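Novice: Attaching a predicted model along with its sequence, questions to come.
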Amino acid sequence: MSYLYLLPLRRIVGPLLLCIVGLGPWPIDAGLVHAKPAVAEDQQTLGEEWVRVAKDENGKPQALEVAIVRYVPAKQVKQIRQSKSGLPQAREYVDLIGAVHIGDPQYYAFLNRSFRNYQALLYELVAPPGTRVERGRGTSNLHPVGAMQNSMKSILEVEHQLEQIDYTRPNFVHADMSPEEFASSMENRDESFMKMYTRMMGQAIALQSEQAAQGESTDFELFTAMFSEDRPRMLKTAIAKQFQSMESVLSGMSGPEGSTLITERNKRALEVLRKQLRAGKRKIGIFYGAGHLTDMSERLVKDFGYQPVGIVWVEAWNLREKQ
């Protein structure tokens with residue numbers, strides 16, 4: 001087997017964030033969802049962390065987890081009864097549902113079941129209005145982001161979001177730009193995928209330098225993983241550790257004025273949210289890449305007057321050693 005792709009893999013740990021988390025009443029499954037009720041002392045931090053690596057008592061990585069945070073109108077916060085087993089019940093709420101675009105099949109199966117409980121489920125996909133996403137369609141290798149996602153799907157032995165999520169359900173609502181709008185916004189902002197890639201490379205190199213100063217080496221972990229009999233899991237573990245620095249990498253990529261990739265698409269999603277609220281929908285989910293959600297959370301609080309009241313963590317990647 002050739003290991004030549006080790007070199008490019010080492011170079012693109014940062015840009016992988018772009019492809020995996022930046023660019024698409026709950027049933028509780030044992031081992032898949034971890035509930036964390038919001039208490040007074042940690043409500044201020046809700047909406048700031050969207051991806052984490054869960055570890056056991058010995059510090060060994062167990063899973064890459066993605067957050068779902070519930071928001072309610074500020075005037076209803078005092079009426080919320082906190083739940084120890086999931087998200088608090090409310091008459092009206094918006095859930096921000098973090099997505100990773102390649103993940104374990106159990107992760108997507110859980111989301112498919114959960115999405116049925118929303119009156120409207122807003123989703124990301126740069127596509128023309130009215131596009132119907134057939135289940136299992138996948139993504140094309142003709143676009144560099146799609147090609148990278150497909151490559152990582154194979155290397156890590158996971159599934160692709162577009163192949164697993166059922167977008168044909170009647171409550172699904174497209175909440176993203178069209179390709180023409182996306183291209184126009186990038187042109188107006190003087191942006192390009194190459195510029196974004198270069199910025200993320202710079203941020204990733206800076207973060208890896210910080211990790212090296214602390215005695216950690218992404219290069220070593222990736223190299224070791226490539227020659228392991230448990231290669232997919234070890235690669236997932238090495239890459240998952242980088243996700244905890246996701247916010248600083250994406251912020252550095254966007255710059256102080258934001259970006260089309262995050263800022264403008266978030267604005268569009270929340271325009272659609274406003275329309276759904278005006279149409280009388282009161283139980284709404286927004287399913288977007290986890291890299292979008294810090295900015296989206298801030299906009300929900302500032303522009304809509306909502307407050308976060310609860311969080312659950314969903315397991316997207318199983319990182320446990322095989323017994």
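Specialist: Done, it's in. Since the model is a prediction, treat every value here as computed from it, not as a measurement.

Novice: how about the strands in this protein?
Specialist: Assigned strands in the chain, in chain order: 33-37, 51-55, 61-73, 93-99, 102-103, 120-123, 159-160, 172-174, 283-289, 306-318 (criterion: DSSP state E).

Novice: Contacts for the fourth one, please.
Specialist: Looking back up the chat, that one is strand 93-99. By Cβ atoms under 8 Å, 6 or more residues apart in numbering, the residues outside strand 93-99 that reach it are 21, 24, 47, 50-51, 66-72, 87, 111, 118, 124, 161, 273, 282-290, 293, 296-297, 300, 304, 306, 314. Backbone N, C-alpha and C define where each C-beta goes, glycine included.

Novice: where in the stretch 101-250 of the chain is pLDDT low?
Specialist: 136-151, 154, 196-197, 199-220, 222-223, 225, 227, 244-250 (pLDDT under 70).

Novice: all helices for it, in order.
Specialist: Counting by DSSP state H, counting those that start in this stretch, the stretch 101-250 of the chain forms helices over residues 105-115, 144-156, 161-164, 179-188, 193-213, 218-226, 231-243, 246-254, given from the N-terminal end onward.

Novice: List the buried residues in stretch 103-117.
Specialist: Of the residues in stretch 103-117, 103-104, 106-108, 110-111, 114-115 count as buried by neighbour count, 16 or more other Cβ atoms under 10 Å.

Novice: residues touching the spatially closest residue to L319 that is not a sequence neighbour, list them.
Specialist: Ranked by Cβ to Cβ, 6 or more residues apart in numbering and with sequence neighbours excluded, the top spatial neighbour of L319 is P61, at 4.5 Å. Under the criterion of Cβ under 8 Å, 6+ apart, the contact list for P61 reads 53-55, 237, 240-241, 319.

Novice: and those residues, which are buried?
Specialist: Of the members of these, the ones counted as buried by neighbours, 16+ other Cβ under 10 Å, are 53, 237, 240-241, 319.

Novice: Generate a markdown table for those residues, with distance to L156 as supplementary columns.
Specialist: Converted to a markdown table, the buried ones among the contacts of P61 look like this (distance: Cβ to Cβ, whole Å):
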| residue | distance to L156 |
| --- | --- |
| V53 | 15 |
| T237 | 10 |
| A240 | 10 |
| K241 | 14 |
| L319 | 11 |
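
Novice: and the two most separated of these?
Specialist: With distances taken as Cβ to Cβ, the most widely separated pair in these is K241 and L319, at 9.7 Å.

Novice: quick one: P128 and E181 touch, right?
Specialist: No: with the criterion set as Cβ atoms under 8 Å, P128 and E181 do not qualify as a contacting pair; they are 9.7 Å apart.

Novice: Give me the more crowded residue out of these two.
Specialist: Between P128 and E181, counted using other Cβ atoms under 10 Å, E181 has the larger neighbour count: 17 against 12.

Novice: Quick check: of the buried ones among the contacts of P61, which lies closest to Q79?
Specialist: Using Cβ to Cβ, the shortest approach to Q79 within these belongs to V53, at 34.7 Å.
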